[in-house]
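A.B. asks: model this:
(chains A, B and C)
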Amino acid sequence: MPFTLQQLSDLEDIKQLKSAYFRCIDTGGMEELRTLLTEDISIDLRGGSYRARLTGRNNMVNFIGSAFNSDVIAMHQGHGPEISFVDDDTAKGLWYLQDIFIDPIRKTNTIGSSIYKDVYKRESDGWKINVSEYDRIYEMVVPIEDLSNITYSHLSKHGWPPEKRVDVMPWLEFYD
Amino acid sequence: MPFTLQQLSDLEDIKQLKSAYFRCIDTGGMEELRTLLTEDISIDLRGGSYRARLTGRNNMVNFIGSAFNSDVIAMHQGHGPEISFVDDDTAKGLWYLQDIFIDPIRKTNTIGSSIYKDVYKRESDGWKINVSEYDRIYEMVVPIEDLSNITYSHLSKHGWPPEKRVDVMPWLEFYD
Amino acid sequence: MPFTLQQLSDLEDIKQLKSAYFRCIDTGGMEELRTLLTEDISIDLRGGSYRARLTGRNNMVNFIGSAFNSDVIAMHQGHGPEISFVDDDTAKGLWYLQDIFIDPIRKTNTIGSSIYKDVYKRESDGWKINVSEYDRIYEMVVPIEDLSNITYSHLSKHGWPPEKRVDVMPWLEFYD
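C.D. replies: A predicted model of the protein is given here:
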């Protein structure tokens, strides 16, 4: 069965939704991020050295804004979307993530890849992320020997400053 | 001439096919990989330091499963698909690959990019990869100084163990 | 409002246009690159350590061919397109770039990410890039300690040799 015109339009919307999600994380776009999520969003991100779990849009925005803050650098890019429809207003999707997380304080660069399994819901003003989980495919933590190699950080100007951040530890578990 | 609805649906299917192909390589998904290939698939991957050539679905699954095994880590992500139709049931496509191949035994990380030139065929149960070739754009082999930097490998649990692997040397040529 | 069939076809064309653009930069495809740009193209690329600004198709081809020449290695891959229509023949788009630029003479690898903001125009023979700007999200300049790690460069054979290059300094400003 080929996709219908409505489904192809929805697939484009869902891809743009997830693309905006990644862009907002890495640029400190927390007001826009809020508009991309259902109120009851749940996430479960099973990393190599951590696991992040939470529910609720407010928690999610506080978690992302506080974790990807003005002290760090992040790159999250999603590839190879494999999206299918559960019903007219529900879709599920796989994405193959490549990400980096530079922590200049610990002088580490965590690089890796993950497979996302998401659920998207259509609301009155468009598609939203309802469930987002991933499993790591690989992860490396590489020391940064010379911080002066970092020549630009957008988040340093646009990420949340210390006084705006919340404690993310209720949502994070570290292995080892 | 704009794309027809059928063609746009086929383009989505072909993109999802190639995305599943990359995902299967890096996660050890050899049973699913088998379903993505025509029985007479041919490949010719012209790397910087190697060339891989073979024909036939069984050989391809044995090659991929044995090369991307439980000892190594791989990331293959395809970008910028440029797909066009040769006839209703045949399409050709370019993809811009970024890949890494971590060999903890040799302590090397081979990173690079390639341009794929593929042919896809529609069979009774959907689109399949029929021909897949690439040429390297760049390649670097970087030593891994500290293996403890590697904090997770999905393939270590899901890749083929030594007793399942076949000799890949009939299909591989190394330069120098 | 869902996308129309014509719009979905145009979105596919625009994605293939931008994919060809990145492919041409990294493979020295300057004749094809010329066909992807409006005659009055303008660019403004705000990097971490540089800013590149120019107008005009001839200048653009001379700039790209001279900057991404046979001495260097480049990888430009665009992710997460967020494209919308201004009118039937005009579209605007965001792309999330990941790029590397290896300069074996300075022994540096500049890696980073950027958000592109483009404008596309439909001409008689298809969509073209009319405006292209980006802002850096992050940038690192990493020393290459051992040039023998570089095992392949496509641009070394297909990039512009010294006698073909023009002076790019009229279009480039370096910070610091």
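A.B. asks: Quick check on the closest residue to A:H158 other than its chain neighbours: phi, psi?
C.D. replies: Nearest residue to A:H158 in three dimensions, chain neighbours excluded: A:G28, at 3.7 Å (CB to CB, 6 or more residues apart in numbering or on different chains). For the C-beta atoms, the positions are set from N, CA and C on the backbone; glycine is no exception. Dihedral pair for A:G28: phi 70, psi 30, per degrees, to the nearest 10.
A.B. asks: Make sure I have this right: A:N59 is in a helix.
C.D. replies: Yes - A:N59: assigned to a helix according to DSSP: H, G, I helix; E, B strand; the rest coil.
A.B. asks: gap between it and A:G65?
C.D. replies: For A:N59, the distance to A:G65 equals 11 Å [CB to CB, to the nearest Å].
A.B. asks: ok, now A:P104?
C.D. replies: A:P104 is 18 Å from A:G65, by CB to CB.
A.B. asks: what about the two, which has more around it?
C.D. replies: A:G65 (23 against 15; other CB atoms under 10 Å in any protein chain shown).
A.B. asks: hang on, the earlier thing: the residue nearest to A:H158: how many residues sit nearby?
C.D. replies: Using other CB under 10 Å, A:G28 is surrounded by 23 other residues.
A.B. asks: what's the answer for the one 5 residues further on, then?
C.D. replies: A count of nearby residues for A:L33, using other CB under 10 Å, gives 21.
A.B. asks: Is stretch A:89-97 positioned near chain C?
C.D. replies: No - Stretch A:89-97 lies apart from chain C when judged by CB under 8 Å from any CB of the partner chain; the minimum separation is 10.1 Å.
A.B. asks: Show me what secondary structure element comes after the strand or helix carrying A:F85.
C.D. replies: In the assignment (DSSP states H and E), A:F85 maps to strand A:73-87. Going down the chain from strand A:73-87, the next helix or strand is strand A:90-103, by DSSP H and E.
A.B. asks: Buried ones in that following strand, by neighbour count?
C.D. replies: Using 16 or more other CB atoms under 10 Å in any protein chain shown as the test for burial, strand A:90-103 gives A:A91, A:K92, A:G93, A:L94, A:W95, A:Y96, A:L97, A:Q98, A:D99, A:I100, A:F101, A:I102.
A.B. asks: What residues does A:F174 make contact with?
C.D. replies: By CB atoms under 8 Å, 6 or more residues apart in numbering or on different chains, the residues touching A:F174 are A:S49, A:Y50.
A.B. asks: Closest one to A:K117 out of the buried residues of strand A:90-103, please.
C.D. replies: Ranked by distance to A:K117 (CB to CB), the buried residues of strand A:90-103 are led by A:L94 at 6.1 Å.
A.B. asks: Please report how far the closest one lies from A:S84.
C.D. replies: A:L94 sits 9 Å away from A:S84, going by CB to CB.
A.B. asks: And the residue of chain A closest to chain B?
C.D. replies: Residue of chain A nearest chain B, by CB to the nearest CB: A:G48 (2.7 Å).
A.B. asks: Spatially nearest residue to that residue, not counting backbone neighbours?
C.D. replies: Nearest non-adjacent residue to A:G48, counting by CB to CB, 6+ apart: B:Y152, 2.7 Å away.
A.B. asks: List the contacts of the one you found.
C.D. replies: A:G47, A:G48, A:S49, A:G112, A:R136, A:Y138, A:E139.
A.B. asks: And these, which of them are buried?
C.D. replies: A:G47, A:G48, A:G112, A:R136, A:Y138, A:E139.
A.B. asks: Which ones among the residues you listed lie within strands?
C.D. replies: Here DSSP state E is the test, and these give A:G112, A:R136, A:Y138, A:E139 as lying in strands.
A.B. asks: will you turn the residues you listed into JSON lines that also has distance to A:T55 and pLDDT?
C.D. replies: Output for those, formatted as JSON lines (distance: CB to CB, whole Å; pLDDT from 0 to 100):
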{"residue": "A:G112", "distance to A:T55": "24", "pLDDT": "97"}
{"residue": "A:R136", "distance to A:T55": "21", "pLDDT": "98"}
{"residue": "A:Y138", "distance to A:T55": "28", "pLDDT": "98"}
{"residue": "A:E139", "distance to A:T55": "25", "pLDDT": "97"}
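A.B. asks: can you list those residues in a markdown table and add distance to chain B?
C.D. replies: Below are those laid out as a markdown table (distance: CB to the nearest CB, whole Å):
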| residue | distance to chain B |
| --- | --- |
| A:G112 | 7 |
| A:R136 | 5 |
| A:Y138 | 5 |
| A:E139 | 4 |
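A.B. asks: of the residues you listed, closest to A:Q6?
C.D. replies: Out of these, the member with the shortest distance to A:Q6 (by CB to CB) is A:R136, at 35.0 Å.
A.B. asks: Nearest to the spatial middle of chain A, which residue is it?
C.D. replies: Centroid-nearest residue in chain A: A:F22, 5.4 Å away (criterion: CA atoms, centre = their mean).
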